[in-house]
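Engineer: sequence below, structure please.
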Amino acid sequence: MKNLTDTELQELKSKAMDVLTYTRQQLLNRHPFVGHIALMLDLVPIRDNRCDTAATDGDKLYFDIDFLSRLSQEERVFVFGHEVWHCALTHLLRGESRDKMLWNVAADLEVNQLLESDGMVAPQMVLFPNLQNGHKSQFNFDSGLSAEEYYGLLCQNGAPSDGDGSGDAQGKSKRQSKSNPVQGQFDSHLSSGDFENAPVKAKSDKYGAKGQDADFAPSTFKSDKEKRDLAEKMRSAIVGAAQNYERMRGDVPGAFKKLVQSLLEPKMPWRELLASFMSSAFSDKCTWSVPNRRFAYSGTYLPSHANDALRIAVGIDTSGSCAQDCEKFLTELVGIAKSFCTYELHLVQCDTEVKSYELYNEENPLDPTSKAVEFQGFGGTRLHPIFEYLDAQEIEVDALVIFTDGECERFTADEKYSIPTLWAFTGNPKDDHDNIEFGTKLHIED
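Structural biologist: Numbers count the residues shown, from 1 in each chain. All right, here's what the predicted structure looks like:
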């Protein structure tokens, strides 16, 4: 078979680009949410022996010319949308150091459900988590999970080999990742270094022998800044798609609402949020004392000079339901405090009244893992005494952290203190704790 000349290859690429542009327009007309995101991505038709189907590096979409020609238009729309969602959901960044083959399967399981919920018709044998909706599936997983959750299930149960549902996640899956992909995977998710020192395989298609295409140049995104920039680009694309959809058609489809909400109001891991709060408190060069309520009418709160010590007051609700998480919380808090030059940790235990007070620092360290804190109280719950105690004792701190289940009296916005306050809740993470109207809130969850 005669090999293509450079001119013939460029003509083929031009025709393939016309097909891709038309498909993107179809996506925009029929599935405007994902179509709007697609406008943010570069399309690259290729003919390369390292990619036989479609691929993405998280920022660009690569399509093999021969593969593209063999798809029906409906299949092209699905494959195109599939690649777009891999980019939008930053699967290339979320994979981190996970087993590549298992992570690719997990990401496909997340993506294909989104496409189906948007009304796209999946080609035969595309990966789905279960047999629902008439799918042929190699798995028996719940629907609607994240890629991370599917990855955990795959690690527990093993990835199927040749469609028989068997496999060992630690051994067989790694052999599959080289030569025997799970049935239903038609694309590649390209991560940094995929082709470094990889052997070149001789391949051909209906046009002749395939070599390496200079246009096939996946980005590496190795630096933290590059990763942050890519994540922000995708976040902006999704939020923009939601705004465009609402403007043109009304409410965002239900399947995408949760995703958009998570981007508009991101949920940080509680440890990260705790560290951020304490760092922010320390960066303020003023140290605040809890103002005496008798002089609150003046609206004047005068800070004292800051020093190099981080000064944190910690109020512990000892009403009974918080004990199981308290050691975990205090251990994390002390670890963060020790990262500063010096620290003072004022620990106040309270149920309906203050039961104990202790000052911890480098000379008197708090280490809940080796010496358990002796909790006192276990009566009802009233947390105003914590503020009143700090006020009466004129204890100066950078911030106040209250550890509680939130089942306490109301704290209204008009009694907000000048001191930065963090409420660390244990218990039901779905509880909004509307009885507390000021301060930063976080839930202690694993």
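Engineer: which helix or strand in the chain has the lowest average pLDDT?
Structural biologist: helix 172-179 (a mean of 35; mean pLDDT, DSSP states H and E).
Engineer: show me the helices in the stretch 101-250 of the chain, by range?
Structural biologist: 147-157, 172-179, 224-249 (DSSP state H, counting those that start in this stretch).
Engineer: could you say which of those helices is packed most deeply?
Structural biologist: Most buried of the helices of the stretch 101-250 of the chain, by mean neighbour count (mean count of other CB atoms under 10 Å): helix 147-157, with a mean of 18. Any C-beta I mention is one placed from the backbone N, CA and C, and that applies to glycine too.
Engineer: show me how this structure divides into domains.
Structural biologist: Under the assignment named as automatic domain parsing, the residue ranges that make up the domains of the chain are 6-264, 270-443.
Engineer: let me know the average pLDDT across the shortest one.
Structural biologist: Mean per-residue pLDDT for domain 270-443: 79.
Engineer: one more: stretch 53-66?
Structural biologist: 93.
Engineer: quick one: end-to-end length of it, please.
Structural biologist: Using CA to CA, to the nearest Å, one end of stretch 53-66 lies 8 Å from the other.
Engineer: same thing with stretch 384-403?
Structural biologist: This stretch, stretch 384-403, spans 13 Å end to end (CA to CA).
Engineer: buried set for that stretch?
Structural biologist: For stretch 384-403, the neighbour count (16 or more other CB atoms under 10 Å) marks 384-391, 395-403 as buried.
Engineer: now, which of those lie within helices?
Structural biologist: The helices, defined by DSSP state H, take in 384-391 from the buried residues of stretch 384-403.
Engineer: tell me the one among those nearest to Gly377.
Structural biologist: Ranked by distance to Gly377 (CB to CB), those are led by Pro385 at 10.9 Å.
Engineer: give me every residue that touches the closest one.
Structural biologist: 350, 352-354 (CB atoms under 8 Å, 6 or more residues apart in numbering).
Engineer: out of the residues you listed, which end up buried?
Structural biologist: Of the contacts of Pro385, these count as buried by 16+ other CB under 10 Å: 350, 352, 354.
Engineer: centroid-nearest residue for the chain?
Structural biologist: In the chain, the C-alpha nearest the mean C-alpha coordinate belongs to Arg94, at 7.6 Å (CA atoms, centre = their mean).
Engineer: for Ala399, see how far away that residue is.
Structural biologist: Distance of Arg94 to Ala399, computed by CB to CB, to the nearest Å: 32 Å.
Engineer: can you check Gly427 too?
Structural biologist: 22 Å.
Engineer: and if you look at Phe33?
Structural biologist: Counting by CB to CB - Phe33 and Ala399 are separated by 41 Å.
Engineer: kindly report the same for Ser236.
Structural biologist: Per CB to CB, Ser236 is found 32 Å from Ala399.
Engineer: and for Phe78?
Structural biologist: 51 Å.
Engineer: likewise Glu437?
Structural biologist: 18 Å.
Engineer: cool, Gln132 as well?
Structural biologist: Distance from Gln132 to Ala399, by CB to CB: 49 Å.
Engineer: now swap in Lys233 and tell me
Structural biologist: 34 Å.
Engineer: A strand includes Phe63, no?
Structural biologist: Yes: counting by DSSP: H, G, I helix; E, B strand; the rest coil, Phe63 is found in a strand.
Engineer: I figured it was touching Asp42, is that so?
Structural biologist: No: applying CB atoms under 8 Å as the test, Phe63 and Asp42 come out as separate, 11.5 Å apart.
Engineer: those two: who's more crowded?
Structural biologist: More crowded of Phe63 and Asp42, by other CB atoms under 10 Å: Phe63, with 27 against 9.
Engineer: which residue sits closest to that one in space, ignoring its chain neighbours?
Structural biologist: In space, and not counting its chain neighbours, Phe63 is closest to Ala54: 5.1 Å by CB to CB, 6 or more residues apart in numbering.
Engineer: next, the one you found: phi, psi?
Structural biologist: phi -130, psi 160 (degrees, to the nearest 10).
Engineer: ok, it - contacts?
Structural biologist: 61-64, 67, 79, 82-83, 186-188.
Engineer: what's the farthest-apart pair in those?
Structural biologist: Using CB to CB, the pair of those lying farthest apart is Asp64 and His82, separated by 14.4 Å.
Engineer: who's more crowded, these two?
Structural biologist: More neighbours surround His82 than the other of Asp64 and His82, with 25 against 22 (other CB under 10 Å).
Engineer: in a helix, that one, correct?
Structural biologist: Yes: residue state for His82 (three-state DSSP) corresponds to a helix.
Engineer: surely it is in contact with Asp187?
Structural biologist: Yes: with contact defined as CB under 8 Å, His82 reaches Asp187; the gap is 6.6 Å.
Engineer: any buried residues in stretch 420-428, and which?
Structural biologist: Buried-residue list, stretch 420-428, by 16+ other CB under 10 Å: 420-427.
Engineer: for stretch 87-97, same thing?
Structural biologist: 87-95.
Engineer: farthest pair in those?
Structural biologist: The distance between the two most remote of these (CB to CB) is 14.8 Å, for Ala88 and Gly95.
Engineer: tell me how far Asp367 lies from Asp42.
Structural biologist: Counting by CB to CB - Asp367 and Asp42 are separated by 53 Å.
Engineer: any idea how far Leu145 is from Lys416?
Structural biologist: From Leu145 across to Lys416, the span is 39 Å (CB to CB).
Engineer: try Lys100
Structural biologist: In terms of CB to CB, Lys100 sits 50 Å off from Lys416.
Engineer: okay, the two: which has more neighbours?
Structural biologist: Lys100 (17 against 12).
Engineer: can you pull the pLDDT of that one?
Structural biologist: In the predicted model, Lys100 carries a pLDDT score of 87.
Engineer: what of the one 10 residues further on?
Structural biologist: According to the per-residue confidence, Glu110 scores 92 in pLDDT.
Engineer: now it: closest residue in space that isn't a chain neighbour?
Structural biologist: Ala147 (4.3 Å).
Engineer: residues in contact with the one you found?
Structural biologist: Counted by CB under 8 Å, 6+ apart, Ala147 has contacts 89, 91, 94, 103, 106-107, 109-110.
Engineer: for Ala275, same thing?
Structural biologist: Going by CB under 8 Å, 6+ apart, Ala275 touches Ile336.
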